[in-house]
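Here is the input, now give the coordinates:
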Amino acid sequence: MTEEMAMYIGRRALEVTMLLMAPVLIVTLVVGFAAALLQAITSIRDMTMGLVLKLVSIAVTVIFTGGWMIQTAVGFTRDIFSMVEHMTK
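Numbers count the residues shown, from 1 in each chain. So this is what the prediction gives:
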């Protein structure tokens, strides 16, 4: 394995990781901000409200984007295994 190959695999792994994390993190950020804004406007000091809303939003996001996430992760894994196969020949 050359340095270029190792750098490519590492960079691609980070890209795929960020791509898979992005939907969940963005939705959680928006929901958390909305919950905090709602709590500030209504003077509600319940800490669990924000947490429950975030957990529900994470679950819904994973339900809707889970198939795509699995396809992306499996595609990356196949690419890595095909690279290993070509390196051993």
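
Report pLDDT for the residue nearest the centre of the chain.
The chain has residue 21 as the residue nearest its centroid, 1.3 Å off, counting by Cα atoms, centre = their mean. Note for residue 21: predicted pLDDT of 96.

Which neighbouring elements make contact with the helix or strand hosting it?
Element membership for residue 21 (DSSP states H and E) is helix 3-42. Packing partners of helix 3-42 (3 or more Cβ pairs under 8 Å, 6 or more residues apart in numbering; DSSP states H and E): helix 47-88. C-beta here means a position set from N, CA and C on the backbone, and glycine is covered the same way.

now the helix it packs on: how far from the chain's centre is it?
Centroid displacement of helix 47-88 relative to its chain, using Cα atoms, centre = their mean, to the nearest Å, is 6 Å.

same deal with stretch 35-44?
27 Å.

Any chance you could list what contacts it?
45-46, 49-50, 53-54 (Cβ atoms under 8 Å, 6 or more residues apart in numbering).

Turn these into TSV, including pLDDT, distance to residue 17 and neighbour count.
As requested, these are arranged in TSV below (pLDDT from 0 to 100; distance: Cβ to Cβ, whole Å; neighbours: other Cβ atoms under 10 Å):
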residue	pLDDT	distance to residue 17	neighbour count
45	82	36	8
46	83	34	10
49	86	30	14
50	86	26	18
53	92	25	16
54	94	21	16
